[in-house]
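>>> Generate coordinates for the sequence data below:
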Amino acid sequence: MKNMSVKKIVAMIVGAAAVLAVAAVAAVLALRVDSAEAQQIALDTVGGGEIVSQEVSSEGLWNEYSYEIINGDTWYDIEISGFGSVTELETVSSQYPRG
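Predicted structure coming up:
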């Protein structure tokens with residue numbers, strides 16, 4: 001009888017861990033941003049402009065986005081996480097494109 005109880009407890013723990021893992025993956029998939037959303041976040045952050053280059057890197061279940069944006073005479077390098085937050089922002093004032 002004692003062994004049966006231990007087996008039931010182990011089965012419940014394994015089942016709960018599986019449910020938590022599925023819930024975590026579902027949350028990541030629901031909360032991540034796509035490329036269009038990331039572009040809009042980047043443009044809103046720098047006050048508009050034109051995206052002159054972009055890069056998407058895959059990080060497991062989500063992507064990370066990097067943009068180079070020109071707005072007037074200011075260039076911006078901005079990185080957006082897979083969840084839509086700005087993780088890096090650099091500005092350079094210049095009339096000429098950077099090389």
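>>> need the next SSE after the strand or helix carrying residue 36, C-terminal direction.
Assigned by DSSP states H and E, residue 36 belongs to helix 35-46. Heading C-terminal from helix 35-46, the first helix or strand you meet, by DSSP H and E, is strand 50-59.
>>> Let me know the average pLDDT across that following strand.
Strand 50-59 comes out with an average pLDDT of 89.
>>> Next secondary structure after that strand?
Per DSSP H and E, the first helix or strand lying C-terminal to strand 50-59 is strand 62-71.
>>> I'd like to know which elements that next one is packed against.
helix 35-46, strand 50-59, strand 74-80 (3 or more CB pairs under 8 Å, 6 or more residues apart in numbering; DSSP states H and E). (Glycine included, C-beta is placed from N, CA and C.)
>>> Give me the residues contacting the shortest one.
The contact list for strand 74-80, computed with CB atoms under 8 Å, 6 or more residues apart in numbering, reads 33, 38, 41-42, 45-46, 49, 64-70, 86-94, 97-98.
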